[in-house]
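Participant: the following comprises the amino acid sequence and a computationally predicted model.
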Amino acid sequence: MRNKMRFRCQNCNSIYDEPRMLCPKCGGLILTYYHKSKALNIYNEYEGVWKYRDNLPPIPINYVISLCEGNTPLFKIKNFTKKIKYRGKIYVKDETRNPTGSFRDRVATVIVSHALYVGAKKLVCATDGNTGASIAAYAAKAGIECSSVVPKNADYGKILQMLAYGAEILEYGEIIDEAVLKALEVALTEKYYQATAELNPLSIEGLKTIAYEIYEVLGKVPDWLVIPTGSGLTLLSTILGFKELHSLSLVSKKPKFLIVQSLACSPIVDFIEGSKVGRRPRKHIPGLDVCKPMIYTHIVNLIKEYECRGVRINYVEALNYVDIVAKLEGLFLEPAAAAAFAGLAKAVKEAIIEPGDEVVVLASATGLKASMLYAKEPSRKKYIPKLTGLNTKALILEILKAKGPIHGYAIWKELGLMLSVQAVYQHLEELKRKGLVKVEVVGRKKLYSLTDKGLQFSEILGKV
């Protein structure tokens, strides 16, 4: 790879050529090192978050990979405000409008652009959902191969997104913490570009633009920002974004942060409250279940400079607020995003947030990514037309579910498509690499059947 940028430890000032989040010498937080503008210049002729390019890493515009991410609406909501009996203004920063449906597209545009800039051919990303979908989409546009390491608790809807964008899926570990360690290993042994958000400081550069956009619309800092929090990366990035605005003399006051975490796993809220939950529920909220954040020490040090409060939400509460927010405001959110609204309601009830304060809630991702989590009764299928033309791979999975084990030629005959036998075998090989199909040699024939993961995927496809 060509070295095009530098990364500096904030503790010992060591300089590194390749992106890494933590300093191997002292454990300090590493940030991207470049000359920033002394003003927040806005170039509307550039796509996505790159309109702030004077305050983003200096990647030449011909290497920038953008899907017009960012610039998401910030709007006031009244029905929900009335529902929770809050006397003040509540705004939603609607990140569901991003290209792949989540705020992580802000991360992907910067990381993948840098990967292309340094000549990377393959990248690896540990993910339990949104980041993997975003990185896979942007890597597809960049023409870079993408390998996604996912834990067993990853959302299947988001894995389907990754597959659609052409990512290779490697399942590893029970939770995202373990998948991150595997991604570290893959990057080192296979020489892949490290695109895991929590391991690459360029992710901070993309996420800090949330703070820029809030300021651009409001012209000031809100009293409170409500952030659903797993690894704490978005919290850290947003704080750094507001710190940059302060250094540019654009704002004077500091926002307060309401940090919403899963009751099953809440290390940052535990720190804020100075206590831990005794008995935790086993059911996690997907996207918020980071039990040992890699940047935990740096987050807790940073939030000491701000007024931060925390609330914990359980899985059932998150699902309830998916329904409440959808019916009141027309916003269909995934449980992790809805948890922010549940946390806000709890904070208002407990008088953590006082009447009259101006509040911004981060709606991090759309519910369309995780719709299977709250599909209720099977009878709903009759109201949803079955999509028979999803793609050839989906049809192959259906055939294997119904008739497997079966040989490739028989699959070709079942398809009845203008497709060569060789193309069918190519699809089978790709499905095998993704862990969805297995092969058994019986006599002189290769018989194909679904793996457990393949069966789960086919069942999900059957529901849509």
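Facilitator: Noted; the coordinates are in hand. For clarity, every value in this text was computed on a predicted model and none was experimentally measured. Numbers count the residues shown, from 1 in each chain.

Participant: for the residue nearest the centre of the chain, give me its contacts.
Facilitator: Geometric centre of the chain, nearest residue: residue 130, 2.9 Å, by CA atoms, centre = their mean. Residues near residue 130 by CB atoms under 8 Å, 6 or more residues apart in numbering: 100-104, 158, 287, 364-365, 369. All C-beta atoms are positioned from the backbone trio N, CA, C, and that covers glycine.

Participant: and with 6 Å instead?
Facilitator: By CB atoms under 6 Å, 6 or more residues apart in numbering, the contact set of residue 130 is 102, 104, 365.

Participant: make CSV out of the residues you listed and add neighbour count.
Facilitator: Shown next, in CSV, are those (neighbours: other CB atoms under 10 Å):
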residue, neighbour count
102, 30
104, 31
365, 31
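
Participant: in helices only, show me those.
Facilitator: Among these, no residue falls in helices (DSSP state H).

Participant: looking at these, which are in strands?
Facilitator: The members of the contacts of residue 130 all map outside strands under DSSP state E.

Participant: now, which of these sits nearest residue 252?
Facilitator: Nearest to residue 252, judged by CB to CB, of the contacts of residue 130 is residue 104 at 30.7 Å.

Participant: wait, residue 228 sits on residue 342?
Facilitator: No: counting by CB atoms under 6 Å, residue 228 does not reach residue 342; the two are 9.3 Å apart.

Participant: compare the two (neighbour count), which wins?
Facilitator: Per other CB atoms under 10 Å, whichever of residue 228 and residue 342 has more neighbours is residue 228, with 33 against 27.

Participant: does that one have beta-bridge partners, and which?
Facilitator: Using DSSP bridges, the beta-bridge partners of residue 228 come out as residue 260.

Participant: next up, the contacts around it.
Facilitator: Each residue near residue 228 by CB under 6 Å, 6+ apart is listed here: 260, 336, 339-340, 364.

Participant: how about 10 Å then?
Facilitator: By CB atoms under 10 Å, 6 or more residues apart in numbering, the residues touching residue 228 are 103, 234-235, 258-262, 285, 287-288, 313, 318, 333-343, 361-365.

Participant: ok, now how distant is it from residue 362?
Facilitator: Applying CB to CB, to the nearest Å, the value for residue 228 to residue 362 is 7 Å.

Participant: so what sits against both of the two?
Facilitator: When contacts are counted by CB under 10 Å, 6+ apart, residue 228 and residue 362 are jointly contacted by 103, 234-235, 260, 337, 340.

Participant: closest one of these to residue 91?
Facilitator: residue 340 (12.3 Å).

Participant: which SS class is the closest one?
Facilitator: Look at residue 340: counting by DSSP: H, G, I helix; E, B strand; the rest coil, its state is helix.
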